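Enquirer: What would the 3D arrangement of this be:
(chains A and B)
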Amino acid sequence: MRFRHLLVWDMRFQARYGFYLLYGFLTALYLVVLASLPQSWREKAAAILIFSDPAAMGLFFMGAIVLLEKSQRVTSFFAVSPLSALEYVCSKVLSLSTIGVLVAAILAIAVGCPSLPSVLAGTFLSSVLFTLIGILVATRITSLNQFLLATVPVEMLVFLPAIAHLFGLTPSILGSYPANVCMDLIAGRSFSVNGLVLTGALLLLLMFAACRSVGKMWSSAGGVKL
Amino acid sequence: MIQVSHLSFSYTKRPFIQDMTFSVGAGEIFGFLGPSGAGKSTLQKILLGMLLGYQGSAMVNGRECKNHGADFYESIGVDFEYSTMYEKLTAKENLQFFSSLYRRQDRAIPELLAAVGLEHDADKQVSDYSKGMKSRLNFVKALLHDPKLLFLDEPTSGLDPTSSRLMKDLILAEKRRGKTILLTTHNMQDAAELCDRVAFIVGGTIYALDSPHNLTLSRGAAQVTYTWLDHGEQTASCPMDKISEDSLLHRLIAENRLQSIHSSEPTLNDIFMEITGRTLV
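Expert: Residues are numbered from 1 along each chain as shown, chains lettered A, B, ... in the order given. From the prediction side, this is the model:
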C-alpha cells in the first residue's frame, strides 16, 4: 500500500515539476526530427534518440530530484519514517521508467518499428540502469555542477559503446556488454542471451548499491540534523 | 517508554556519549539541555535507531534501538528544527504525502491544520509560508500518524512570542493526549515551562537529571535583594533562609529607609551554569 502511494506521489511530483510537459514537448520535437530524416535512417535514429534521452532521463533527473530533496531536507524526514530505501529506489525507478517507456513507444510507433515489445523492454532495462546509476551518483554529491561532472564518465562508458555497437563498430565479444544489449533490444535486433543475464545481474548489483547509498544519505549528517 | 542503561557511543577512538543511564515514562515531557556539541543530537540519533554502533542498552517502546524493525517509526513522530517539506506542494498536499507513508493515519489533516491556525492556508504552497507557519506545519506533520512518542527539536526556535506561545500550548495539548515527548532545546524558559524533567548534558555526560522545580530548589536558596539611600543608592542581598540574621536589613526596616526589596529564585539557566560550569551557547 505504501509503495503504491509513493509511486503515485512520485508521478505527481514529476508532473508538478514539469517532467511530463517537458517530455511532451521533446517527443513532439523528436517526431518532427524523425519525420524529416530519410526513411532508411529513421530506425537507427529513433534507437539513438530513445537510448540517449527517454531511456537515459533517469541519469539526469535523479540528480535534480535528489538535490531538490536534499535542499528541502525532505531526506531528513525519510530517515525517521517507515519508508525503506528499497521502496524509495523502486518508486523512483518505476516512475521515471514509465515516462521513458511511454516516449519510446510513441517514437517507435511513429517510425513503424516492427518489434515494439523489444523496444519497450530495451527502454525499460536502460531506464532502470540509468536511474540506478543516477541515484548512486546523486546521493554522493551536493551540487548540480558536481553531478554533471560525475556523469561524464558514465556517459562515456555507456553511450559511446552502445552507439558504436549500433553501427557495428564494436567487436562481437562486446555484444554481452549491458549497454549494448539494451541498444540491441531498442533497435529491435537479436541480442546476446548471456548479455541479458549479465545485464540482469548488473541491475541487481546496482539496485543493492543504490539502496545502501540512499540509506547512508538519509542517516548522514547532511541528511539528518537533530 | 524509554530506558537507557550504561549507554556509550563514540565516533572516533575518544568516547563521545559516556555511560548514560536514564528512563522516560509514558506521558512525560523530558528535556535534553546542553550546549552545541554536548551529545544531544547523537543521543537522539541513537534513540531514533539511526546510530547502531553503541554499547549498553537503549530501549524505545520496548525495543532495542539497534535492532528496530520496519515498523519502529510507525509509533514515533519527529519535528525537526527546520522545514522538511516539498516547497512546491501545498501544505495539504505535503501532509497527504507524508501521511501516506504510514500505516496508521489517525489524525484528520483538516483538523490538524485548524489546530495550528493554518486551515485558511492549506492550499498555499509551502514556499509562500513564513517561518512561523512552516514551524507549525512541521509540528503537525509529526502528528499525522498519532505517534506515542514525539521528538521535538527546538520547537520554538526563531518564533515570535505569539507563535511561540501557540507552539507551547500545542505541545502541552499533546501531552494531555498521553504522548511522551522528548524535547531538545537551548531555551531554559521553555524547558522550565514545558518539561516534567530535564537532563543537563555536557561532553556526552548527564550532569543532572530532575524536575526543573527540584533542580531550582536543590541548588541555592532564593535571594532577597534590597536597596537604600546612603550617599547614593546602595544594594545588598542575603539568602532567604538567613533573612532573620541580616542586621542591616532589620535596621533599614526599623528606620523605614528601604527603597526597594524583592526576592528571586535562581533560574534553570543559573543552575545549569552552576552544575556544568558551562553556558548554553
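Enquirer: do the helix or strand hosting B:Phe98 and chain A meet at all?
Expert: Here B:Phe98 sits within helix B:91-99, counting by DSSP states H and E. Yes: applying C-beta under 8 Å from any C-beta of the partner chain, one finds helix B:91-99 touching chain A at B:97-98. Using the backbone N, CA and C atoms, a C-beta is placed for each residue, glycine as well.
Enquirer: And that helix, what does it pack against?
Expert: For helix B:91-99, the helices and strands in contact under the criterion 3 or more C-beta pairs under 8 Å, 6 or more residues apart in numbering or on different chains; DSSP states H and E are helix B:109-115, helix B:131-141.
Enquirer: Give me the neighbour count for residue 52.
Expert: You didn't say which chain, so I picked chain A. Here the count is done by other C-beta atoms under 10 Å in any protein chain shown, and A:Ser52 has 16 residues near it.
Enquirer: Not quite, go with chain B.
Expert: Summarising burial for B:Leu52: neighbours were counted as other C-beta under 10 Å, giving 14.
Enquirer: Surely it touches B:Lys66?
Expert: Yes: taking C-beta atoms under 8 Å as the contact criterion, B:Leu52 and B:Lys66 are neighbours in contact, 4.3 Å apart.
Enquirer: tell me, what's touching the two both at once?
Expert: None of the residues lies in contact with both B:Leu52 and B:Lys66 under the rule C-beta atoms under 8 Å, 6 or more residues apart in numbering or on different chains.
Enquirer: Which element, helix or strand, includes the closest residue to A:Leu166 other than its chain neighbours?
Expert: Nearest in space to A:Leu166, with sequence neighbours left out and distances taken as C-beta to C-beta, 6 or more residues apart in numbering or on different chains, is A:Met183 at 5.4 Å. Secondary structure assignment for A:Met183, by DSSP H and E: helix A:178-186.
Enquirer: Just the pLDDT for B:Arg219.
Expert: B:Arg219 is assigned a predicted lDDT (pLDDT) of 66.
Enquirer: So B:Thr156, which state does it fall into?
Expert: Under the three-state scheme (DSSP: H, G, I helix; E, B strand; the rest coil), the conformation of B:Thr156 reads as coil.
Enquirer: pLDDT score assigned to it?
Expert: What the model reports as pLDDT for B:Thr156 is 86.
Enquirer: B:Gly31 is in contact with B:Val198, isn't it?
Expert: Yes: between B:Gly31 and B:Val198 there is a contact under C-beta under 8 Å: 4.0 Å.
Enquirer: Residues that sit against both of these two, list them.
Expert: Taking C-beta under 8 Å, 6+ apart as the contact criterion, the common neighbours of B:Gly31 and B:Val198 are B:Ala191.
Enquirer: Let's verify the residue of chain A found nearest chain B: helix, strand, or coil?
Expert: Using C-beta to the nearest C-beta, the point where chain A gets nearest to chain B is A:His5, with a distance of 3.7 Å. Classification of A:His5 using three-state DSSP returns helix.
Enquirer: and the end-to-end length of stretch A:63-78?
Expert: End-to-end distance for stretch A:63-78, by C-alpha to C-alpha, to the nearest Å: 18 Å.
Enquirer: Just the helices from chain A, written as ranges.
Expert: A:2-16, A:19-36, A:39-52, A:57-71, A:74-79, A:85-110, A:116-138, A:144-166, A:178-186, A:193-219 (DSSP state H).
Enquirer: So which bits of the third one are buried?
Expert: What that stands for is helix A:39-52. Of the residues in helix A:39-52, those buried under the neighbour-count criterion (16 or more other C-beta atoms under 10 Å in any protein chain shown) are A:42-43, A:45-52.
Enquirer: Output the helix holding B:Phe98 in PDB with nothing but the alpha carbons.
Expert: Extracted in PDB, the C-alpha atoms of helix B:91-99 (Å, rounded to 0.1, in the frame of the first residue of the first chain):
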ATOM      1  CA  ALA B  91       0.500  22.400   2.900                       C
ATOM      2  CA  LYS B  92      -2.300  20.000   2.400                       C
ATOM      3  CA  GLU B  93      -0.500  18.000  -0.300                       C
ATOM      4  CA  ASN B  94       2.600  17.800   1.800                       C
ATOM      5  CA  LEU B  95       0.600  16.400   4.700                       C
ATOM      6  CA  GLN B  96      -1.300  14.000   2.400                       C
ATOM      7  CA  PHE B  97       2.000  12.700   1.000                       C
ATOM      8  CA  PHE B  98       3.800  12.200   4.300                       C
ATOM      9  CA  SER B  99       0.700  10.700   5.900                       C
END
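Enquirer: what angle do that helix and helix B:131-141 make?
Expert: Between helix B:91-99 and helix B:131-141, the angle formed by their directions is 30 degrees, by axes from the mean of the first three to the mean of the last three C-alpha atoms, to 10 degrees.
Enquirer: Up against chain A, what does chain B have?
Expert: Counting by C-beta under 8 Å from any C-beta, the residues of chain B close to chain A are B:40-41, B:44-45, B:48, B:50-51, B:70-74, B:76, B:78, B:80-89, B:97-98, B:100-103, B:141, B:151, B:153, B:184.
Enquirer: 6 Å instead?
Expert: Among all residues of chain B, those adjacent to chain A (criterion: C-beta under 6 Å from any C-beta of the partner chain) are B:41, B:44, B:48, B:50, B:73-74, B:78, B:80, B:82, B:84, B:87-88, B:97, B:100-101, B:153.
Enquirer: ok, the residue nearest to A:Leu166 - contacts?
Expert: Under the criterion of C-beta atoms under 6 Å, 6 or more residues apart in numbering or on different chains, the neighbours of A:Met183 are A:51, A:162, A:165-166.
Enquirer: Report the mean per-residue pLDDT for the helix holding A:Met183.
Expert: Model confidence over helix A:178-186 averages 93 on the pLDDT scale.
Enquirer: quick one: it to chain centroid distance?
Expert: On the basis of C-alpha atoms, centre = their mean, to the nearest Å, helix A:178-186 sits 13 Å off its chain's mean C-alpha point.
Enquirer: and the angle from it to helix A:85-110?
Expert: Orientation of helix A:178-186 against helix A:85-110 (the same axes, to 10 degrees) gives an angle of 40 degrees.
Enquirer: Show me which residues of helix A:178-186 are buried.
Expert: Of the residues in helix A:178-186, those scored as buried under the neighbour-count criterion (16+ other C-beta under 10 Å) are A:178-186.
Enquirer: With stretch B:252-266 instead?
Expert: B:252, B:266.
Enquirer: From start to finish, how long is it in a straight line?
Expert: For stretch B:252-266, by C-alpha to C-alpha, the gap between its terminal residues amounts to 25 Å.
Enquirer: Identify the residues contacting that stretch?
Expert: Taking contacts as C-beta under 6 Å, 6+ apart, the residues outside stretch B:252-266 that touch it are B:216, B:220, B:222-228.
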